[in-house]
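Chemist: No letters, just coordinates:
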């Protein structure tokens, strides 16, 4: 293709069958708005312009896609697909090739579009697919020589034409000047009073004689999303693709059907991911990382050898060496764990850094903390980092031992190799190489009896 490429994306649908207050293009697919999948695919073609036709709820759609460089085109009245393309054509110069895509068909493969662009040779080309059940789709009509002579809508088709399995996807390529002319000649003389894009096929056939057809190898890549059930099917299709991609990179998925990838995931060698794991945002898993069942990771960078045990929830976590996390741990943004660390069950961390071989094995909260190497955090330890208005930092130096049920009232420092006795509330710095304890003296009252209920 020698002409510059301009892409028009039809994204003005309201999605009334979604039963949602959000615009159709903002429905979530794989953790991001529906439209963004198609925008990312379109950008791989390196077009001169991407023109997105939007309608109701357009401001929210634009805000959600603000990071993409596109030309937004407002369709004030929804008068059909042909009318939608008409709104974008003033932005497309003569001497260009126009590729029309559908915003609610977000999983069209990048390589299929590249094939379509590379093989484009006629004034008008369309992408077709074959369906086992073509009900509701426009059928592709071909002459005995196999040439496309038109498209007939399902409601207008003769009984023998209902048996045709090759259907129109709605995705076309055309010369911009000719498409502009054809669109100017179609009318809205139909039951819905709308301008239909497929009406250009008969005009192109009469004028030029040839319509190029490109058959998609897999119709499941071209599924649309008009309701919640169809959106769910798209989600499963997307997850199948993403799971296959991880396995192609060498990851072992215990069950590829039971993983949800809602972002960008990079894996090293021999990564193992158990069932019902959710990966969100940007996730990097180094060599031999193991993710246990039911774990949720968002924006995490885990070093080689790290093990995340069952049902741990992690966001914004970095490990710089092999360490163990969980089960049932909650690690929040700003958590950094060094080699040999152990953060066990029902431990919560936030904005906390743990040095090498430090351990918080169970039932603790570590917030706004700087914890050195070789530190032991006993069960029930709490960093009291918030006074209701401001947050303060706790520093625990190398080799310190924090007994169970300790409260560290920040700002406070526990010195190197210090020991804090169980049940202590630390309100002042605990010196190095010493025992700090604040529990009250134990007393036994002889002869004391528990109270009993009155008879």
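Modeler: Yes, it's here. What you see is a predicted model, and the numbers here were worked out from it, not measured in a lab.
Chemist: and residue 7, what helix or strand is that in?
Modeler: Secondary structure from DSSP states H and E places residue 7 in strand 5-11.
Chemist: what's next to the helix or strand following that strand, contact-wise?
Modeler: As assigned by DSSP H and E, the chain's next helix or strand after strand 5-11 is strand 28-29. With C-beta atoms under 8 Å, 6 or more residues apart in numbering as the test, strand 28-29 has contacts from 34, 37, 106, 225, 231, 234-235, 238. C-beta coordinates here come from the backbone N, C-alpha and C atoms, glycine included.
Chemist: can we see that at 10 Å?
Modeler: 22, 34-37, 106-107, 225, 231-232, 234-235, 237-238, 262 (C-beta atoms under 10 Å, 6 or more residues apart in numbering).
Chemist: Identify the farthest-apart pair in those residues.
Modeler: Using C-beta to C-beta, the contacts of strand 28-29 span at most 21.1 Å, a distance reached by 22 and 237.
Chemist: ok so, going back, name the helices or strands packed onto the strand holding residue 7?
Modeler: Secondary-structure packing of strand 5-11 (3 or more C-beta pairs under 10 Å, 6 or more residues apart in numbering; DSSP states H and E): helix 34-43, strand 49-54, strand 71-74, helix 81-88, strand 97-102, helix 110-119, strand 166-175.
Chemist: again, 6 Å this time
Modeler: Packing partners of strand 5-11 (3 or more C-beta pairs under 6 Å, 6 or more residues apart in numbering; DSSP states H and E): strand 49-54, helix 81-88, strand 97-102.
Chemist: Could you say which one of the ones you listed comes nearest to residue 157?
Modeler: If we rank the helices and strands packed on strand 5-11 by C-beta to C-beta, the stretch that ends up nearest is helix 81-88, at 18.7 Å.
Chemist: ok, and what's touching that closest one?
Modeler: Contacts to helix 81-88, defined as C-beta atoms under 6 Å, 6 or more residues apart in numbering, come from residues 8, 10, 12, 51, 53, 73, 75, 100, 183, 186, 195-197.
Chemist: Report the contact partners of residue 286.
Modeler: Residue 286 neighbours (C-beta under 6 Å, 6+ apart): 268, 303-304.
Chemist: What subset of those residues is buried?
Modeler: 268, 303-304 (16 or more other C-beta atoms under 10 Å).
Chemist: Adding pLDDT, distance to residue 357 and secondary structure as columns, could you present those in JSON lines?
Modeler: Converted to JSON lines, these look like this (pLDDT from 0 to 100; distance: C-beta to C-beta, whole Å; DSSP: H, G, I helix; E, B strand; the rest coil):
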{"residue": "268", "pLDDT": "97", "distance to residue 357": "23", "secondary structure": "coil"}
{"residue": "303", "pLDDT": "98", "distance to residue 357": "15", "secondary structure": "coil"}
{"residue": "304", "pLDDT": "98", "distance to residue 357": "17", "secondary structure": "coil"}
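Chemist: Just give me the closest of the residues you listed to residue 450.
Modeler: Nearest member of those to residue 450, counting by C-beta to C-beta, is residue 303, at 54.1 Å.
Chemist: what's the spacing between the closest one and residue 235?
Modeler: For residue 303, the distance to residue 235 (C-beta to C-beta, to the nearest Å) stands at 31 Å.
Chemist: With residue 200 instead?
Modeler: In terms of C-beta to C-beta, residue 200 sits 33 Å off from residue 235.
Chemist: what about these two, which has more around it?
Modeler: residue 200 (26 against 18; other C-beta atoms under 10 Å).
Chemist: Am I right that that one is in a helix?
Modeler: Yes - counting by DSSP: H, G, I helix; E, B strand; the rest coil, one finds residue 200 located in a helix.
Chemist: Surely it and residue 184 touch.
Modeler: No - assessed by C-beta atoms under 6 Å, residue 200 is found out of contact with residue 184, at 10.2 Å.
Chemist: Where do the domain boundaries of this structure fall?
Modeler: For the chain, automatic domain parsing gives the domain ranges 5-222, 228-436.
Chemist: Kindly reformat those as TSV containing distance to residue 442.
Modeler: Below are the domains of the chain laid out as TSV (distance: least, C-beta to C-beta, whole Å):
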stretch	distance to residue 442
domain 5-222	54
domain 228-436	11
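Chemist: Skip the chain neighbours and tell me the closest residue to residue 173.
Modeler: residue 125 (4.5 Å; C-beta to C-beta, 6 or more residues apart in numbering).
Chemist: Neighbouring strands - and their directions - for the helix or strand the one you found falls within?
Modeler: Assigned by DSSP H and E, residue 125 belongs to strand 124-130. Strand 124-130 pairs in its sheet with strand 166-175 (antiparallel), strand 212-215 (parallel), by DSSP bridges.
Chemist: after the shortest one, next one along is what?
Modeler: Proceeding N to C from strand 212-215, the next assigned helix or strand is helix 228-248, under DSSP H and E.
Chemist: Can you give me the pLDDT of the nearest residue to residue 341 once chain neighbours are set aside?
Modeler: Using C-beta to C-beta, 6+ apart and skipping residues adjacent in sequence, the residue nearest residue 341 is residue 323, 3.9 Å away. Listed pLDDT for residue 323 reads 97.
Chemist: got it, and residue 77?
Modeler: On the pLDDT scale, residue 77 gets 87.
Chemist: Give me the spatial nearest neighbour of it, chain neighbours excluded.
Modeler: residue 83 (7.5 Å).
Chemist: and what of residue 122?
Modeler: residue 212 (3.8 Å).
Chemist: mind checking how far the one you found is from residue 336?
Modeler: With C-beta to C-beta as the criterion, residue 212 and residue 336 are 56 Å apart.
Chemist: go on, residue 187?
Modeler: 65 Å.
Chemist: If you count surrounding residues, which of these two has more?
Modeler: It is residue 336, of residue 187 and residue 336, that has more neighbours when counted by other C-beta under 10 Å, with 18 against 10.
Chemist: what bridges to that one?
Modeler: Beta-bridge partners, per DSSP bridges, of residue 336: residue 318, residue 353.
Chemist: Next up, the contacts around the residue nearest to residue 341.
Modeler: So, once contact is read as C-beta under 6 Å, 6+ apart, residue 323 ends up touching 306, 337, 341.
Chemist: on that earlier part again, quick one: the helices and strands packed on strand 5-11 as CSV, columns for distance to residue 418 and mean pLDDT too.
Modeler: Putting the helices and strands packed on strand 5-11 into CSV (distance: least, C-beta to C-beta, whole Å; pLDDT from 0 to 100) gives the following:
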stretch, distance to residue 418, mean pLDDT
strand 49-54, 61, 97
helix 81-88, 69, 95
strand 97-102, 64, 97
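Chemist: How far off centre is stretch 228-235?
Modeler: With C-alpha atoms, centre = their mean, to the nearest Å as the basis, stretch 228-235 stands 15 Å off its chain's centre.
Chemist: Show me what that stretch is in contact with.
Modeler: 27, 29, 223, 225.
Chemist: what about the residue nearest to the first one when sequence neighbours are not counted, distance to residue 87?
Modeler: In space, not counting the residues next to it along the chain, residue 27 is nearest to residue 34; the distance is 5.0 Å by C-beta to C-beta, 6+ apart. Residue 34 sits 20 Å away from residue 87 when distances are taken as C-beta to C-beta.
Chemist: With that, I have no additional questions.
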